[in-house]
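Chemist: pasting the sequence and the predicted model now:
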Amino acid sequence: MNHEFAFTLKSICFDEHYEPAENTRLTTNFANLARGKRRQENLLNTLKMINNRFNALAHWDNPKGDRYSVELEIISVEMKVDINSRHDALPLIEVLKTTIVDQHTHERSEGIVGNNFSSYVRDYDFSVLLLGHNKGKSGFSTPDNFGDLHGKLFKCFVNSNTFKEHFKKPPVICLSVSSSRTYHRTENHHPVLGIEYQQDEYSLTDEYFAKMGLKVRYFMPANSAAPLAFYFSGDLLGDYTNLELISTISTMDTFQKIYRPEIYNANSTAGKSYQPSLNNQDYSLTRIVYDREERSRLAIEQGQFVEEHFIKPYQPLLEQWSARYAC
């Protein structure tokens, strides 16, 4: 008989009063911003950037550029490995859910769930397993079945009744393009997503997300410096409204300007053939404080946490479940 996991959701508003919960992954975009002396200033400036970006993209019937605002919820997904156990559920992933507020009509509409994506198991895969696998080696390679367990856990959650009870549409996750790949501009132009780019070969992140059942397309919206990577399972252009797509673009373009200013706050935009570089010196900084070195260190620490509290204790059960799980 197949083992069944139980998922529970917790939600907290991401606003100027947000404070990370004790069990929140501190490497997440939002948690990193909400720490230190300038935490409230960071949060207010981030939210203002998101709203300004949204209104710039949703410019129709919006002459003053102030019609819309975006509300964000951090959705934390916890998983209980043993339903009968008294032990607490394990934190699995965190995503963002957007809500669009029309200030003219006072209507509220659901945006997209996903956007930012944080995962303890992904921290383990990339910051513990992959580093250990390549330590002391001259070339780079991935371990056997790299990403398989994580991919199946994600698909199990998205296919669960818990997900379907809370969200009407599949998730869309939006990340930075890879600095190890070259992207080529196409003739395809979407009114909201912008210019589509393609690449000859998938990155390690693309392959990892493919195991989660997600395809990828790369678009550079109007007034962006570089394309964004959109990961989705259905029809990115057909399944979501323009305002839903804008809610994701405005949120994640803002985060990328903060976390990857060399790419997304560059002073020149991507050309016909584009390779992102974190060594680019021609970029501007936002007024928002971010500690990239701390984030890298915490990724390793939290990868070790999931190894100790999840991977090792439940390894036989996880291997058995993964072998039987039908995608």
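Modeler: Thanks, I have it.

Chemist: tell me where the model's unsure across this protein.
Modeler: Scanning the chain for pLDDT under 70 picks out 1-4, 21-32, 34-36, 82-88, 289-296, 326-327.

Chemist: could you find the closest non-adjacent residue to E196?
Modeler: Ranked by CB to CB, 6 or more residues apart in numbering and with sequence neighbours excluded, the top spatial neighbour of E196 is N188, at 4.1 Å. (Each C-beta comes from the backbone N, C-alpha and C, glycine too.)

Chemist: doesn't the one you found belong to a strand?
Modeler: Yes - following the definition DSSP: H, G, I helix; E, B strand; the rest coil, N188 is counted among the residues of a strand.

Chemist: was I right to think it contacts G194?
Modeler: No - applying CB atoms under 8 Å as the test, N188 and G194 come out as separate, 9.7 Å apart.

Chemist: higher neighbour count, these two?
Modeler: In this comparison of N188 against G194, neighbours counted by other CB atoms under 10 Å, the higher total goes to G194 at 19 against 14.

Chemist: is that one bridged to anything, and to what?
Modeler: Note on G194: beta-bridge partners by DSSP bridges are H190.

Chemist: so who does it touch?
Modeler: For G194, the set of contacting residues under the criterion of CB atoms under 8 Å, 6 or more residues apart in numbering consists of 219-222, 224.

Chemist: turn those into JSON lines, columns for distance to E73 and neighbour count.
Modeler: Formatted as JSON lines, the contacts of G194 follow (distance: CB to CB, whole Å; neighbours: other CB atoms under 10 Å):
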{"residue": "F219", "distance to E73": "24", "neighbour count": "24"}
{"residue": "M220", "distance to E73": "27", "neighbour count": "22"}
{"residue": "P221", "distance to E73": "23", "neighbour count": "20"}
{"residue": "A222", "distance to E73": "27", "neighbour count": "14"}
{"residue": "S224", "distance to E73": "25", "neighbour count": "21"}
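
Chemist: among those, which ones are in strands?
Modeler: When DSSP state E is applied, those are split such that 219-220 fall in strands.

Chemist: using JSON lines, please lay out the contacts of G194 together with distance to F305.
Modeler: Shown next, in JSON lines, are the contacts of G194 (distance: CB to CB, whole Å):
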{"residue": "F219", "distance to F305": "35"}
{"residue": "M220", "distance to F305": "36"}
{"residue": "P221", "distance to F305": "36"}
{"residue": "A222", "distance to F305": "41"}
{"residue": "S224", "distance to F305": "35"}
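
Chemist: and the contacts of G194, which two are furthest apart?
Modeler: F219 and A222 (10.4 Å; CB to CB).

Chemist: please verify my assumption that K215 contacts L237.
Modeler: No - using CB under 8 Å, K215 is not in contact with L237; the gap is 11.9 Å.
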